[in-house]
Structures are given as C-alpha cells and as structure tokens.
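Participant: okay, here's the prediction I keep looking at, along with the sequence it came from:
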Amino acid sequence: MQEHTLVIKTENDWKALVLQNAKPVIVDFYADWCGPCKVLKPKLHELLAQNQGKWELAIVNVDIEELQKISSQYASQGIPAVYLFHKGEQISTFLGNSEAKAKDMAAKAASL
C-alpha cells in the first residue's frame, strides 16, 4: 500500500515531488509521536488506493531537521496537517484526523 507514497526528506524532494508534480498531490504532515497522525495515515493510503493513480500522496515527517522550513510554513498550526497541491499551487487544506475532510480532499484531487 505505501509503495506508491512519495516520501519527502529534503527541500529538493519537496520541489520535485510536490511543487513540480504534474499530478495533484495530497501532502500529509505528520510526526511519529502524533496519535491522530497514526489514525489518519492509513485512511489516506486507503483513499489513494481507491483513486488508482489520479493523484499522489506525499508524506512529510515534521521531525526531520532538513524540513524545518517547510514544516514550519505548512504545519505550524498543528498536525496532522493535510494539503492538496496541484501544479505548484495550494488548493485546499485541513487540520486534524477528519476522515470526511480526507474523503472530500481525495475527491477534489481526483477531479483535477
């Protein structure tokens, strides 16, 4: 299930895999110690599998030191913080473990 996930470990990964991606990308900002993140992550993977390549899922661990700038920009209000990007533009976002919001975002991503 997770083999189709984009793992962001550097700013170059962020630029290449999220901002320059031709497909819509849902980005999940999480931390290993975050309980709600652990609950949301499998839901996002399930939605990704259901959408069969219409969009991509990128995972950003906010605890990776090299990603502090990106994490502070997008996850400063808390985690999990989930964003939808398309062609380098931020389309939508939500905070917290919300399956309904995740489903809405996945539907929006699939329609782009």
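Facilitator: Here it is on my side, so go on.

Participant: could you use CA atoms for every contact and neighbour count after this?
Facilitator: Fine.

Participant: state the helix or strand in which N12 lies.
Facilitator: Assigned by DSSP states H and E, N12 belongs to helix 11-13.

Participant: paired strands for the next helix or strand after that helix, with orientation please.
Facilitator: Once helix 11-13 ends, the next helix or strand along the chain (criterion: DSSP H and E) is strand 25-30. With DSSP bridges as the test, strand 25-30 is paired with strand 56-61 (parallel), strand 81-86 (antiparallel).

Participant: can you pull out the residues in contact with strand 25-30?
Facilitator: Here strand 25-30 makes contact (Cα atoms under 8 Å, 6 or more residues apart in numbering) with 18, 37, 41, 55-62, 71, 74-75, 79-86, 105-106, 109.

Participant: rewinding a little: in a markdown table, list the strands paired with strand 25-30 along with mean pLDDT and distance to H4.
Facilitator: What follows is those, written out as a markdown table (pLDDT from 0 to 100; distance: least, Cα to Cα, whole Å):
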| stretch | mean pLDDT | distance to H4 |
| --- | --- | --- |
| strand 56-61 | 96 | 8 |
| strand 81-86 | 98 | 17 |
